[in-house]
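>>> next comes the sequence, and after it the predicted model I'd like to discuss.
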Amino acid sequence: MFALFELASLRGSITRYWLFLILLLALLLRVPQLTFQPLWWDEGYSVFFATRDFPTMLARTAIDIHPPLYYALMQVWMLAFGTNVVALRLLSVIIGVAAIPLIYLVTKNLFNVRTALVAAFLLAIAPLHIYYSQEVRMYGLATLLALASVWLQLRMLTEDEGQSPVASRQSPVGERQLTDMLYIVSTTLLLYTLYYGAFFVVAEMGAVLYLKFRARWSISLRRWVLVWIAVGVLYLPWVIYAGLKLYTYVVNKVGIEQYTRLDPITYLVQHLAAFSTGHITDWAWVAWGTLLFVALTVLGYIASRRWESDSGDARTTYAERYMLTALYLFVPLACGFAVNFLAPFHPIHYERSLLYAAPFFFMLVARGLVVLFERRRVIAFAASAALVMLCALSLYDFYTVERYPDEDYRALIHDMENIAAPGDLVYAFYPWQIGYLAAYYHGAPLNIYEVPGNDWIQNEGEMNAALEHLRAQNPRAWILAYQKQGRVLESRVTNEYINDYLVFDEAYGNTIFEYFAQGNPTDSGLAPISFSSDLMLRIQSAAFQLTPDAPSLALARFTWNARTDEYNYSLRVENGSGKVAQQDGEIPSGMTMLRRGIALPRNVPSGEYALQLIAYRRADGKPLELLDGATEVTLAKITIDR
């Protein structure tokens, strides 16, 4: 970064060399640890939408908080590269890196080459931009399109009778029309990517009005009105299709979430802190570095009030350039605050919705650094080193601290792959769960059922009929019971399988993962078994259930009669070499009948296998002995011959 300051006069070849190095740095910072962070809810939604057919994707996004362009782009991308996490996140990486040359071009038009290179460097190392250059969401694409839109707007201003923040020149009519068309396309695509993109259009309108009426430029308002009408006409079909649905969705969501209103200072500080140092987890004190970023923007503003443009245009002062950049930054922030004031909604990391404003913040920071270098080089180098260190600390936090660990489904899905049978039914209560499965699951083909939440809640009869039909048609079922959103439907579905055999029951963060199997094991006829004076066991039935194309099951139905709750049990399948699989659980006090099952590993070798039950005290883990001195009860045996 220091070398960028030393380049007083940059030739084109040297500029391209430094820009290439900055692009390479941006790529190197965005590719590492692509699989370290787990997918989280929003990314799961992205994969869900993108894996629907196109009409369904449009219908589902019409009742979501984001329009469909990013998901449509993902659909095309997945046709070529698949749905694995690396492929999905590489799309965001490419989009993020592509923003670097655009911020260079925009800053060069607004200020000069030196400031442009510094701004490109700051965006390349910006933790927030790197974060969303990996996440499978649309915020990076919105940033890219916003930069493209403003770059084209500056070109239009250049062509509009020679008045702009850059050198004056007249353009041929064909070139003007092409620029207009590209501006219309990029701005429309921004609106189809992010609803908050409308705030950026407002900022661009403000920029034109400022230059027309405040800076007294000779700007053709007719031209600008026509291009904005064209943008509106191209966006109108989506407004007609989704407008009412979106309004209903937002009203209901805001009513359910019940967020409090943020005061303007808190709102601004949170956004500037996120733009500066990203989303910090372990080292919250790093966010104080935001003060340095803000101080540099203020320094640049003070200097802009005094210095004239070095382009030779006496009417184009740095104050005007600074004002344009500030409009692109603060108008979206102000519009976002107004929306949050009217309909409070600020979930965790909500600053991402205005990520596209961050590049203009970095332009102002870059301008402040350049001004400081021209006055106080030592201080400029120290400030630059501090900025790099702050970004490095934030990136280390991002690369090493897992976000959303309680929503990480990777271990859950890995265990599912080991024992799932072809055609197993999977109850998914949220679309993001289906997205997780599409990205992570690579086992036997599944029958994934998206639980119709609102319909079932409003119509219990429909829910009961559907559950009865699903259970009758599917002998094995997985239940992804998320525990943080009320658990009403999750509990109801689990209760439907209370008389089936529980093969798998584990908690993974906020999700309880259960696997049920139907079976008819024959009556074993065993008499009651006494482990101690306060613990009795009766075996109702037990058997192995062999299936040629899926993991075999060992099923058992048994009843405990315990006077205390100090015992646990272990249901195991063993062969002569030791334990093959097991399932553990607590023994509650009183009389309790349990139906449990164990999935055997795929392709278990030939040999004799026994299903055994062991009881032990929870305090010391020591198995209880029977009257004959044995510590296990053999429930069933089988010989497997492959």
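Looks like it arrived, so ask away.
>>> dump stretch 619-627 to CSV, restricted to CA.
Extracted C-alpha coordinates of stretch 619-627, given in CSV (Å, rounded to 0.1, in the frame of the first residue of the first chain):
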residue,chain,number,x,y,z
ALA,A,619,-22.6,-41.8,38.0
ASP,A,620,-19.8,-44.3,37.4
GLY,A,621,-20.6,-45.9,34.0
LYS,A,622,-20.1,-49.4,35.4
PRO,A,623,-22.4,-52.0,33.9
LEU,A,624,-24.9,-53.7,36.2
GLU,A,625,-24.6,-57.5,36.7
LEU,A,626,-27.4,-60.0,36.3
LEU,A,627,-28.0,-62.9,38.7
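>>> what residues does it touch?
529-532, 535, 566-567, 614-617, 631-633 (Cβ atoms under 8 Å, 6 or more residues apart in numbering). C-betas here are computed from N, CA, C, even on glycine.
>>> any chance of CSV for those residues, columns distance to R114 and secondary structure?
What follows is these, written out as CSV (distance: Cβ to Cβ, whole Å; DSSP: H, G, I helix; E, B strand; the rest coil):
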residue, distance to R114, secondary structure
I529, 84, strand
S530, 87, strand
F531, 81, strand
S532, 83, strand
L535, 80, strand
E566, 74, coil
Y567, 75, strand
I614, 74, strand
A615, 76, strand
Y616, 73, strand
R617, 74, strand
T631, 78, coil
E632, 78, coil
V633, 81, strand
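>>> of those residues, buried ones?
For the contacts of stretch 619-627, a burial check counting by 16 or more other Cβ atoms under 10 Å picks out 529, 531, 535, 567, 614-616, 632-633.
>>> how about A357, secondary structure?
helix (DSSP: H, G, I helix; E, B strand; the rest coil).
>>> what separates it from Y132, distance-wise?
13 Å (Cβ to Cβ, to the nearest Å).
>>> ok, now Q153?
When distance is defined by Cβ to Cβ, Q153 is 23 Å away from Y132.
>>> cool, R595 as well?
47 Å.
>>> so if I had to pick from those two, which one is more boxed in?
Just comparing R595 and Y132: by other Cβ atoms under 10 Å the higher neighbour count belongs to Y132, 27 against 21.
>>> I figured the more buried one hits G140, correct?
Yes - judged on Cβ atoms under 8 Å, Y132 makes contact with G140 at a distance of 4.9 Å.
>>> can you list the buried ones among the contacts of stretch 619-627 in CSV and add distance to N603?
Shown next, in CSV, are the buried ones among the contacts of stretch 619-627 (distance: Cβ to Cβ, whole Å):
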residue, distance to N603
I529, 33
F531, 35
L535, 37
Y567, 35
I614, 26
A615, 31
Y616, 31
E632, 26
V633, 28
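>>> what's the closest of those to V503?
I614 (18.2 Å; Cβ to Cβ).
>>> give me the beta-bridge partners of that closest one?
Beta-bridge partners for I614, by DSSP bridges, are S570.
>>> could you measure from it over to A119?
For I614, the distance to A119 equals 67 Å [Cβ to Cβ].
>>> again, but for N474
57 Å.
>>> between the two, who's got more neighbours?
Using other Cβ under 10 Å, the more surrounded residue of N474 and A119 is A119, with 31 against 17.
>>> now render the buried ones among the contacts of stretch 619-627 as a markdown table, adding pLDDT.
Below are those laid out as a markdown table (pLDDT from 0 to 100):
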| residue | pLDDT |
| --- | --- |
| I529 | 85 |
| F531 | 84 |
| L535 | 90 |
| Y567 | 93 |
| I614 | 92 |
| A615 | 93 |
| Y616 | 91 |
| E632 | 88 |
| V633 | 88 |
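>>> helices of the stretch 351-500 of the chain, start to end?
For the stretch 351-500 of the chain, the helices defined by DSSP state H, counting those that start in this stretch occupy 358-375, 377-400, 410-419, 431-440, 453-458, 460-473, 488-496.
>>> just flag whichever of those has the lowest average confidence.
Per-stretch mean pLDDT for the helices of the stretch 351-500 of the chain is lowest at helix 453-458 (a mean of 87).
>>> and that helix, what's buried?
Buried, per 16+ other Cβ under 10 Å, within helix 453-458: W456.
>>> which helices and strands sit right next to it?
In terms of contacts (3 or more Cβ pairs under 8 Å, 6 or more residues apart in numbering; DSSP states H and E), helix 453-458 is packed against helix 460-473, helix 488-496.
>>> ok, now which ones touch A615?
531, 535, 537, 567-570, 587, 623-624.
>>> please, a PyMOL command that selects the buried ones among these?
In PyMOL, this line selects whichever of those come out buried by 16+ other Cβ under 10 Å:
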select buried, resi 531+535+537+567+568+569+570+587
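>>> looking at the contacts of A615, which is nearest N340?
Of the contacts of A615, the one sitting nearest to N340 (Cβ to Cβ) turns out to be N568, at 50.2 Å.
>>> to the chain's geometric centre, what's the distance from the helix or strand where that closest one lies?
Applying DSSP states H and E as the criterion places N568 in strand 567-575. With Cα atoms, centre = their mean, to the nearest Å as the basis, strand 567-575 stands 40 Å off its chain's centre.
>>> which is the succeeding secondary structure element to that strand?
strand 578-587.
>>> and the angle from that next one to strand 567-575?
160 degrees (axes from the mean of the first three to the mean of the last three Cα atoms, to 10 degrees).
>>> in strand 578-587, what's buried?
580-581, 583, 587.
>>> direction included, what does it pair against?
strand 567-575 (antiparallel).
>>> reformat the contacts of A615 as a markdown table; add distance to W18.
Below are the contacts of A615 laid out as a markdown table (distance: Cβ to Cβ, whole Å):
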| residue | distance to W18 |
| --- | --- |
| F531 | 77 |
| L535 | 76 |
| L537 | 76 |
| Y567 | 71 |
| N568 | 65 |
| Y569 | 68 |
| S570 | 65 |
| I587 | 70 |
| P623 | 70 |
| L624 | 74 |
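>>> farthest-separated two in the contacts of A615?
Spatial extent of these (Cβ to Cβ) is set by the pair L535 and S570 at 14.0 Å.
>>> which residues sit in contact with the residue nearest the centre of the chain?
Nearest to the geometric centre of the chain sits E43, at 3.4 Å (Cα atoms, centre = their mean). If a contact means Cβ under 8 Å, 6+ apart, then E43 has 88, 135-137, 432, 435 as its contacts.
>>> filter those down to the buried ones.
Among these, those classed as buried by 16+ other Cβ under 10 Å are 88, 135-137, 432, 435.
>>> out of the residues you listed, flag the one nearest to V365.
Using Cβ to Cβ, the buried ones among the contacts of E43 come closest to V365 at E135, 23.3 Å.
>>> thought S92 was touching the closest one, still the case?
Yes - applying Cβ under 8 Å as the test, E135 and S92 come out as touching, 6.2 Å apart.
>>> tilt between the helix or strand hosting A87 and helix 358-375?
Element membership of A87, judged by DSSP H and E, is helix 85-110. Here the directions of helix 85-110 and helix 358-375 differ by 50 degrees (the same axes, to 10 degrees).
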